[in-house]
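> structure of the sequence below:
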Amino acid sequence: MSERHNVYRRHICLLVATAAAYSMSTLFSAMKPVLLTRFVEEHGWSDALAGLAVATPFIGIAIAAMIAPLTSKVSVRSLAIVLGIALIVSELASAYVHAYATGLIALQLVGGIAVGALMGASSRQIAMTEKSGPLFGAADMVGVLLMSSMIAGVGWAVGEAGLRGGYLVAALIASVLVVFMLPYRGAALATDDSKPASPLVVTRQGIAVVAMAVVFITSSGLGFTYMFTIAQGLGASYAEAGSGIGILLLVSALACLAGGWVSERVGPRRPLAVAFVVCALGWYGVVHATALTMFYVALVPAVLALQFNFPVLLDLAGSLDDEGRWGAIAAPLQTSGFAWAAILAGAIVGEFGVNAIPPATAIGMAICLVLLTQSRAPAMSQLNASST
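Residues are numbered from 1 along each chain as shown. Presented below is the predicted three-dimensional model:
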């Protein structure tokens, strides 16, 4: 009974730590729309430069995927202390150098790498548990639920003290999230140097799963960039659109739990295939809506498909090897899709208009379906044979 209690406690602490790491990336997402406008207003930056400044943390998160497999000998708690301090310092320093693009971008890159590494390390630990699907879903749900309050907090700070206020509040939020990571004391993996961990086997399945995760987040995120634009075109004020979309995002957090639950019970592949199709249809309805009611109705499946698939994709990646290393790689790369979505959406809409978003999304979902056919994990005997 005592051992069962200890396992339960470790799972709770791991869930809190992972939710905190995911919420750090959510913090970057919450800051993006607020700071993007403020850079143009406060410093007269071009939209392209402002967009790069707010996208840089996600680029750092993607870079972190390269070092994720190297963190197996360091405990999540130790990483949280070292990388958490790096994140906090980067946000504090950004509050005072935000007028200098080169310095700001360098600092935000450091912060993004720190967050990506923490996401990868905690995701790897979850991938090795028996309840990986529900745990991924619950951790992602917390990040989504916190987004609204983070947007409000950063927005208030920017309104009161400009960009400096926004980054100072970001540093405060990061400090709180780091504290929540510290109770997890799970041991590092492969700490015995006399028995080194087996090398990561790079397989077609692993590459397909990670590529599918990045393509899905990128493609499903194209429409997010122009949600407010579309709503305002249908007669909604900025406040009305913000209220409606905000409520939907809060409700959609439940889809994260649903994704983890379904993945555990029926496996990830069939739910993913259905969600790919639903996502494409949803964004077609959003962009071609002729009334606000139609817009919100279509937005429901579009948004829920994204939240549903996020933990399912992580669960699938984590199942590809017995040490969760593909999960550690997939978590930061998958999250980086939000940056690529903003960049790609701007290019598509600038060249072809908003109506080009649905076909672009559909193409992305079709690519995901093709990659899904290549994503079936090989048997462990095959993996072991490949590594010898």
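
> who are the contact partners of the residue nearest the centre of the chain?
With distances taken as C-alpha atoms, centre = their mean, residue 335 lies nearest the centre of the chain, 3.2 Å away. Neighbouring residues of residue 335 by C-beta atoms under 8 Å, 6 or more residues apart in numbering: 25, 58, 61, 116, 119, 217. From N, CA and C alone the C-beta is placed, and that goes for glycine too.

> so which of the residues you listed are in helices?
Cross-referencing the contacts of residue 335 against helices under DSSP state H gives 25, 58, 61, 116, 119, 217.

> just the buried ones from the residues you listed?
Neighbour-count burial (16 or more other C-beta atoms under 10 Å) applied to the ones in helices among the contacts of residue 335 gives 25, 58, 61, 116, 119, 217.

> what is the nearest of those residues to residue 172?
Set against residue 172, the nearest of those by C-beta to C-beta is residue 25 (17.0 Å).

> with adjacent residues omitted, what lies nearest to that closest one?
residue 335 (5.0 Å; C-beta to C-beta, 6 or more residues apart in numbering).

> check that neighbour and give its pLDDT.
Residue 335 carries a pLDDT value of 79.

> equivalent analysis for the one 5 residues further on, please.
Here, the pLDDT recorded for residue 340 equals 82.

> now name the helix or strand holding the residue nearest to the centre of the chain.
helix 325-352 (DSSP states H and E).

> can you tell me how far residue 184 is from residue 121?
In this view, residue 184 and residue 121 are 10 Å apart by C-beta to C-beta, to the nearest Å.

> ok, now residue 61?
13 Å.

> secondary structure element holding residue 360?
Here residue 360 sits within helix 357-373, counting by DSSP H and E.

> ok, residues contacting that helix?
208-209, 211-212, 215-216, 218-220, 222-223, 226, 269, 272-273, 276-277, 279-280, 283-284, 287-288, 344-345, 348-349.

> same question for the helix or strand harbouring residue 82, mean pLDDT?
Secondary-structure assignment from DSSP H and E places residue 82 in helix 76-97. Taken as a whole, helix 76-97 has an average pLDDT of 93.

> over to stretch 45-53?
79.

> one more: stretch 295-307?
90.

> send me it as PDB with only the CA atoms.
Output of stretch 295-307 as PDB, limited to C-alpha atoms (Å, rounded to 0.1, in the frame of the first residue of the first chain):
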ATOM      1  CA  PHE A 295     -18.300  31.400 -37.400                       C
ATOM      2  CA  TYR A 296     -18.500  30.300 -33.800                       C
ATOM      3  CA  VAL A 297     -20.100  27.000 -34.700                       C
ATOM      4  CA  ALA A 298     -17.400  26.200 -37.100                       C
ATOM      5  CA  LEU A 299     -14.700  27.300 -34.700                       C
ATOM      6  CA  VAL A 300     -15.700  24.700 -32.200                       C
ATOM      7  CA  PRO A 301     -14.500  21.600 -34.200                       C
ATOM      8  CA  ALA A 302     -11.500  23.500 -35.500                       C
ATOM      9  CA  VAL A 303     -10.200  24.500 -32.000                       C
ATOM     10  CA  LEU A 304     -11.200  21.200 -30.300                       C
ATOM     11  CA  ALA A 305      -9.400  19.200 -32.900                       C
ATOM     12  CA  LEU A 306      -6.100  21.000 -32.100                       C
ATOM     13  CA  GLN A 307      -6.500  20.600 -28.300                       C
END
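
> centre of the chain to it, how far?
With C-alpha atoms, centre = their mean, to the nearest Å as the basis, stretch 295-307 stands 17 Å off its chain's centre.

> 744 is where my numbering starts, stick with that
Sounds good: first residue 744 from here, last item stretch 1038-1050.

> buried stuff in it?
Going by neighbour count (16+ other C-beta under 10 Å), the buried part of stretch 1038-1050 is 1038-1039, 1041-1050.

> restricted to helices, list the residues you listed.
1038-1039, 1041-1050.

> between these, which sits nearest residue 757?
Scanning those for proximity to residue 757, where the rule is C-beta to C-beta, the winner is residue 1050, at 21.1 Å.

> and that closest one, what does it touch?
883, 887, 995-996, 998-999, 1002.

> cool, and residue 834?
Contact partners of residue 834, counting by C-beta under 8 Å, 6+ apart, are 850, 854, 910-911, 913-914, 917.

> filter these down to the ones in strands?
Of these, none are assigned to strands by DSSP state E.

> isn't residue 872 up against residue 754?
Yes - under the criterion of C-beta atoms under 8 Å, residue 872 makes contact with residue 754 at 6.6 Å.

> which neighbours do the two share?
With contacts defined as C-beta under 8 Å, 6+ apart, the residues shared by residue 872 and residue 754 are residue 878.

> quick one: which of the contacts of residue 1050 sit in helices?
Reading helices off these with DSSP H, I get 883, 887, 995-996, 998-999, 1002.

> let's see if you can find the most crowded of the residues you listed.
Top of those by neighbour number is residue 1002, holding 32 neighbours under the definition other C-beta atoms under 10 Å.

> could you pull up the residues touching the closest residue to that one other than its chain neighbours?
Nearest non-adjacent residue to residue 1002, counting by C-beta to C-beta, 6+ apart: residue 1051, 4.1 Å away. By C-beta under 8 Å, 6+ apart, the contact set of residue 1051 is 998-999, 1001-1002, 1005, 1014, 1018.

> swap the cut-off to 6 Å and go again
Counting by C-beta atoms under 6 Å, 6 or more residues apart in numbering, residue 1051 touches 998, 1001-1002, 1018.

> about what we covered before: can you redo the contacts of residue 1050 as JSON lines with distance to residue 820 and pLDDT?
Formatted as JSON lines, those follow (distance: C-beta to C-beta, whole Å; pLDDT from 0 to 100):
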{"residue": "883", "distance to residue 820": "21", "pLDDT": "78"}
{"residue": "887", "distance to residue 820": "25", "pLDDT": "78"}
{"residue": "995", "distance to residue 820": "31", "pLDDT": "80"}
{"residue": "996", "distance to residue 820": "27", "pLDDT": "80"}
{"residue": "998", "distance to residue 820": "30", "pLDDT": "85"}
{"residue": "999", "distance to residue 820": "25", "pLDDT": "82"}
{"residue": "1002", "distance to residue 820": "28", "pLDDT": "84"}
